[in-house]
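A.B. asks: Fold the following.
(4 chains)
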There are 2 protein chains.
Amino acid sequence: MDVELADLEAVVALAEALHFGRAADRLHVSQPALSKRIRKLEGRIGGPLLVRRYRDVRLTEAGRLLAERGRHLLRESEATVALSQRAARGEAGRLRIGFGIASILGFLPDVLLRFRRSHPGVQLHLRDMSTPEQIEALAAREVDIGFVRLPVADDRLVVRPVLDERLVLAIGSRSPWNARIGLRSVAAEPFIIIARARSASFYDHAISVCAATGFAPRIVQEANELFTVLSLVGAGLGVSLVPRSAALMHPPGVRFRELTLPQAAWDIAVAWHRDASTVPLVQRFVEMVRAARPPSVKRRLAAAPRTRSVGTR
Amino acid sequence: MDVELADLEAVVALAEALHFGRAADRLHVSQPALSKRIRKLEGRIGGPLLVRRYRDVRLTEAGRLLAERGRHLLRESEATVALSQRAARGEAGRLRIGFGIASILGFLPDVLLRFRRSHPGVQLHLRDMSTPEQIEALAAREVDIGFVRLPVADDRLVVRPVLDERLVLAIGSRSPWNARIGLRSVAAEPFIIIARARSASFYDHAISVCAATGFAPRIVQEANELFTVLSLVGAGLGVSLVPRSAALMHPPGVRFRELTLPQAAWDIAVAWHRDASTVPLVQRFVEMVRAARPPSVKRRLAAAPRTRSVGTR
DNA sequence: GAATCTGATAACTTCCGGTTATGGATGTCG
DNA sequence: CGACATCCATAACCGGAAGTTATCAGATTC
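C.D. replies: Below is the predicted model:
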């Protein structure tokens, strides 16, 4: 039907001026140009948009409706273009972020908060996914950024380590405690663990760390949230293996103990699609993640109040 | 900024095909034309809308947003044009109708119902106004159609009589009743009347009819609705003067009596602005009013069940 | 390296939408 | 009542935006 925004602008200007000469001025065209445009538009609409009489131009119903809704359409289209322009500058748009159980506890919330502040026009979509799921989703461009567990070998992706996460032992503070206590010494204790359905890779990793130490844990309880696991440990129901940054939650009645075992490593990296390296939003987000890379978690733990003294009783 | 609907169409087509050649086909233009259009548009947006690689065209965030909201805008604009076209054919739009207390009772509801059925796209705006208010509003084009009391002398308007309404006497059925009873014989009765605030012209008219008969009514009660007036009459609280078509409501316990007095006339006409004679909606509505002009109210009353026998006790 | 796919570029053309000049209908005013 | 003013329509003309066809160039496949 070939009605263009310029036509709507013409009708709107005319609806406001009700005068071809003045409306034409406002549109920065000559009066005959406006007349011709309107006449052509009237042909497409199939009837007059205005009745012209000497010193008395007024809208018909067709013209009134076109002007009324045209005004709205013009505003909308202008806003759309502006939005697209902001997106081109990396100030608007959508950023889909995958993350796993370990990254959520650490610095991610902080980074998200700061990114949202500095990019208020950007929608952040967060999806809780395992590392293999993230790799697939990144490759398929279903997410833009991932927080994956190393090692990752996929040459479609760019991967940059950001956090030296590890598994640590969590023990209730009523348990016997001394500097020498290790994973082997709690082999016989009841074991609490995150549910496998919640994070298969974490679950399997914890089991394999036990296996490397030479025992199979006696699992008495699974929980869907890390916070629940820690509460159960704090209540003295058993021991657990958790990501080191869980200590940042300062769960009452829980002590943490580093594992020397190399298998306890759980290094986190930020990853994105190779082709997305020039996408402004991805660049900006990754910059922010790497700039915000926290001081080593070990140091942060040392600076935190000692959890040991915060018993439940 | 000069982004046109054709540009949005191009982006939308490209977003769906993700292939310049096929998208160009869909738009019925050659591939270079589409490429040029997009390149130009990218200049206005200030960044790429698509990344082109061999056999792999995909949208950027700017492009995705433009296509997504563009789709919506295109639908809207198409609907707007369609609406305007229907308005040009008299199938859509707005019709503002003024009416007074007398016309609302008669055939107006019926006409409105039928008009709404035959013109489902037309919004009817009804405004309750006195005849002088209607004349002003019609002249100022604040309403499109009026139902006014004759005579009207205003050469800006076209006026066509549609209804020979009159005032009739309403008496409670318990009152003494015989064929000879007239307005003069109830001069001493308590008088109920529509509130002057509700319809000054009707009130004044009723008073002047009494004056012409040679008495001033002893008003004991005013009411804002005709229905209330009739209920009070039916309950035996007094007599009243009402428009003849009020009898069509068949209020219980009320009898009606024609007045021979010429001053009791209250002729209703449909009126519109002289310049609006060619407006499709006005034409159609007036046609329908005049075609639907009811058989004389007198005859309709005769056909109705006798109200006399429907007493309250 | 030949063939194919696909978007970009170049050269040319068409015609839409602009311009200026003027006409003609309808008021106003001396 | 005739001269003048207002204001939209029409006519004639013009330039450039956007289309066309032909061709190029990079990527990939075999």
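
A.B. asks: For stretch A:275-288, buried residues please.
C.D. replies: Applying a neighbour-count criterion of 16 or more other CB atoms under 10 Å in any protein chain shown, one finds A:275-276, A:279-282, A:284-286, A:288 buried in stretch A:275-288. For the C-beta atoms, the positions are set from N, CA and C on the backbone; glycine is no exception.

A.B. asks: which one of those is nearest A:Arg114?
C.D. replies: Nearest to A:Arg114 out of these is A:Met288 (CB to CB; 6.4 Å).

A.B. asks: hang on, isn't that closest one packed against A:Arg114?
C.D. replies: Yes - with contact defined as CB atoms under 8 Å, A:Met288 counts as touching A:Arg114 (6.4 Å).

A.B. asks: mind listing the helices for the stretch 201-313 of chain A?
C.D. replies: For the stretch 201-313 of chain A, helices defined by DSSP state H, counting those that start in this stretch occupy the ranges A:226-234, A:280-291, A:297-303.

A.B. asks: Is the second one positioned near chain B?
C.D. replies: Yes - figure legend: helix A:280-291 in contact with chain B (CB under 8 Å from any CB of the partner chain); contacting residues A:Leu281.

A.B. asks: just checking, what packs against that helix?
C.D. replies: Counting contacts by 3 or more CB pairs under 8 Å, 6 or more residues apart in numbering or on different chains; DSSP states H and E, helix A:280-291 packs against strand A:93-99, helix A:108-118, strand A:145-149, strand A:157-172, strand A:265-273.

A.B. asks: residues in the stretch 151-300 of chain A within reach of chain B, list them.
C.D. replies: Residues of the stretch 151-300 of chain A lying near chain B (CB under 8 Å from any CB): A:275, A:279, A:281.

A.B. asks: Now do the same contact list for the last one.
C.D. replies: Contacts were defined as CB atoms under 8 Å, 6 or more residues apart in numbering or on different chains; by that measure A:Leu281 touches A:90, A:93, A:95, A:119, A:122, A:144, B:61.

A.B. asks: which residues does the fifth one bridge with?
C.D. replies: This points to A:Val122. In this entry, A:Val122 is beta-bridged to A:Gly93, by DSSP bridges.

A.B. asks: All the strands of chain A, in order from the start?
C.D. replies: Along chain A, the stretches classed as strands by DSSP state E are A:50-53, A:56-59, A:93-99, A:122-128, A:145-149, A:157-172, A:190-194, A:218-223, A:239-243, A:254-258, A:265-273.

A.B. asks: in the second one, what counts as buried?
C.D. replies: The neighbour-count check on strand A:56-59 (16+ other CB under 10 Å) flags A:57, A:59 as buried.

A.B. asks: Give me the contact list for that strand.
C.D. replies: A:14-15, A:18-20, A:49-51, A:67, B:141.

A.B. asks: What does the pLDDT read for A:Arg313?
C.D. replies: Per-residue pLDDT puts A:Arg313 at 32.

A.B. asks: Check A:Gln85 too.
C.D. replies: A:Gln85 is given a pLDDT of 95.

A.B. asks: OK, contacts around it?
C.D. replies: B:45-47, B:62.

A.B. asks: same thing but at 7 Å, please
C.D. replies: By CB atoms under 7 Å, 6 or more residues apart in numbering or on different chains, the residues touching A:Gln85 are B:45-46.

A.B. asks: now the one 10 residues further on
C.D. replies: With contacts defined as CB under 7 Å, 6+ apart, A:Leu95 is in contact with A:122, A:124, A:144-145, A:281, A:285.

A.B. asks: The same query, at a cut-off of 10 Å, please.
C.D. replies: Shown in contact with A:Leu95 (CB atoms under 10 Å, 6 or more residues apart in numbering or on different chains): A:112, A:115, A:119, A:122-126, A:143-145, A:279, A:281-282, A:284-285, B:61.

A.B. asks: I'm done for today, thanks for sticking with me.
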